Every structure is written in structure tokens, then in C-alpha cells.
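[1] Sharing a model prediction with you, sequence too.
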Amino acid sequence: MNRAFSPFVKSLLLAVLAVSGVASAAEHAAPAKADPAKGATLYADGDAARGLPACVSCHGASGNSTIAANPKLAGQPEAYLYKQLVNFASPSRNNPVMSTYAKMLSDEDKKNISAYLSTQAQKAGAAKNKDTVELGKKIYRGGIAEKNVPACASCHGPAGGGIPALYPRLAGQHQDYTVAQLTSFRGDGRKNSAEMSTISKRLSDDEMKAVADYVAGLK
């Protein structure tokens with residue numbers, strides 16, 4: 001019996017291997033990279049055809065909000081920004097404005113906007129209350145041992161720069177916004193961080209305000 005493959009069988013085998021190789025390559029292809037330029041356009045202009053408003057109207061030019069209730073987004077870690085937009089589109093972080101907007105964004109939109117904002121320089125903030133700045137510094141750098149509150153710096157970094165995906169940049173953030181988020185975590189209005197929900201419940205209103213004011217002045 002002739003064990004050699006016939007020309008037809010060889011051709012068929014090569015074709016199968018070729019198709020299999022293409023499929024394998026497609027399966028392992030790197031995901032498309034985020035496009036900051038597209039993110040910049042969507043941030044500044046929105047998309048009228050889809051009813052998407054411009055982010056700049058609430059979050060300011062280049063992500064530097066001038067409205068104390070709206071966060072500065074410039075310089076936030078890209079992965080963290082993307083995660084928040086995903087969370088806003090789910091029950092874990094419900095907000096009347098942002099949840100509606102996030103659900104209108106495609107996954108590509110979310111990545112592009114996040115990539116754009118992460119490259120923008122944040123305008124510095126400043127602490128305002130000289131009477132509480134030392135308390136805020138103590139909580140941020142050392143925590144409150146008797147309340148089992150860890151140092152904020154252990155997760156958000158000594159300069160408040162944050163850790164991508166997990167923890168946001170706090171340096172320079174508006175005091176009002178930081179207090180609002182701590183309050184929301186404490187009341188379970190915001191459910192996308194079990195750690196922050198636990199920690200915030202151990203903080204008094206005055207402690208929240210003190211640490212929020214302190215981080216506003218970090219650079």
C-alpha cells in the first residue's frame with residue numbers, strides 16, 4: 001500500500017492548516033488600541049447624531065473642571081477612567097447624568113475618552129482650611145488606628161497619584177467632589193469599591209472634609 005499522500009490530499013491538508021492558522025491568529029490578535037484623538041473630539045464636541053453631549057460642558061477644557069461638584073478628570077489613570085465609565089453603565093455606580101451618558105457610549109468610545117483624558121495635565125488645586133490641614137494630612141498619611149482606618153496613601157500613593165484601574169488620582173481634586181464621593185460610599189449610594197464603602201463608614205463628616213481638603217492641595 002502506498003502511504004504517500006496524493007496531491008489532492010496534500011492540497012486539502014494545506015488548505016485546512018491555512019484556514020486554521022488564520023482563525024488562530026484572529027483569536028489571538030491584539031485588541032484595537034484606544035485612539036486619544038477620537039476621544040478628544042468626542043470629549044470636546046460630543047456626537048449630535050447619537051445625542052451624545054460634549055463632556056467639556058461639565059468637566060471643563062482638557063478635563064479640568066471648574067465646577068466643584070464635578071470632578072477633574074485630567075491626568076486620571078486611563079484604566080481607572082475606563083472602569084468608571086463601565087461602572088456608570090451598571091448598577092454599581094448609579095448617577096442620573098453619568099449613567100445615562102455612559103450607556104450611550106460604545107466600549108470604543110469609553111476607551112478613547114479615557115485615553116485622551118489620561119494624557120491631559122491637571123491644573124493644581126489648593127487646601128483651603130488651615131485649621132484642618134494637619135488632621136487631613138494625618139489621616140491621609142497615617143490613617144486612624146483606633147478606628148481601623150488605613151492611610152489613604154497606602155492605596156492612592158504618597159502624592160495622591162493613584163494606581164491605574166484600582167485607585168484614582170486624588171491630588172488636586174475638588175474638595176466638594178471628594179466629600180460627596182466619600183458620603184456616597186458611606187451611604188451605599190456608590191457600590192463599586194467594597195474597600196471604600198467599609199472605610200468611609202468609619203469616618204466622621206469632619207474627618208472626610210479634612211482629608212478632602214488636604215488632598216486638594218497635593219501635587
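    Here it is on my side, so go on.

[2] only C-alpha atoms for contact and neighbour calcs from this point on.
    Fine.

[3] From Gly217, how far out is the closest residue to Lys103 other than its chain neighbours?
    Excluding the flanking residues, the one nearest Lys103 by Cα to Cα, 6 or more residues apart in numbering is Ala89, at 5.0 Å. Distance, Ala89 to Gly217, by Cα to Cα, to the nearest Å: 31 Å.

[4] before we move on, what about Thr183?
    20 Å.

[5] and if you look at Gly172?
    Applying Cα to Cα, the value for Gly172 to Gly217 is 6 Å.

[6] what is in contact with the two at once?
    Common contacts of Gly172 and Gly217, defined by Cα atoms under 8 Å, 6 or more residues apart in numbering, comprise 124-126.

[7] where's stretch 62-72 relative to the chain centroid, distance-wise?
    Distance of stretch 62-72 from its chain centroid, counting by Cα atoms, centre = their mean, to the nearest Å, is 15 Å.

[8] Show me what counts as buried in that stretch.
    Neighbour counts using 16 or more other Cα atoms under 10 Å place 62-65, 69-72 of stretch 62-72 among the buried residues.

[9] Could you do stretch 33-47 as well?
    Neighbour counts over stretch 33-47 (16+ other Cα under 10 Å) mark 34-36, 38-44, 46 as buried.

[10] Can I get that stretch in PDB? Just the C-alpha atoms.
    Provided in PDB are the C-alpha atoms of stretch 33-47 (Å, rounded to 0.1, in the frame of the first residue of the first chain):
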ATOM      1  CA  LYS A  33      -5.600  50.400  20.700                       C
ATOM      2  CA  ALA A  34      -7.500  53.400  22.100                       C
ATOM      3  CA  ASP A  35      -7.500  56.500  20.000                       C
ATOM      4  CA  PRO A  36      -6.900  59.600  22.100                       C
ATOM      5  CA  ALA A  37      -7.600  61.900  19.000                       C
ATOM      6  CA  LYS A  38     -11.100  60.400  18.700                       C
ATOM      7  CA  GLY A  39     -11.500  60.700  22.400                       C
ATOM      8  CA  ALA A  40     -10.600  64.400  22.300                       C
ATOM      9  CA  THR A  41     -13.200  65.100  19.600                       C
ATOM     10  CA  LEU A  42     -15.900  63.200  21.400                       C
ATOM     11  CA  TYR A  43     -15.000  65.000  24.700                       C
ATOM     12  CA  ALA A  44     -15.000  68.400  23.200                       C
ATOM     13  CA  ASP A  45     -17.900  68.200  20.700                       C
ATOM     14  CA  GLY A  46     -20.000  65.200  21.600                       C
ATOM     15  CA  ASP A  47     -21.900  63.400  18.900                       C
END
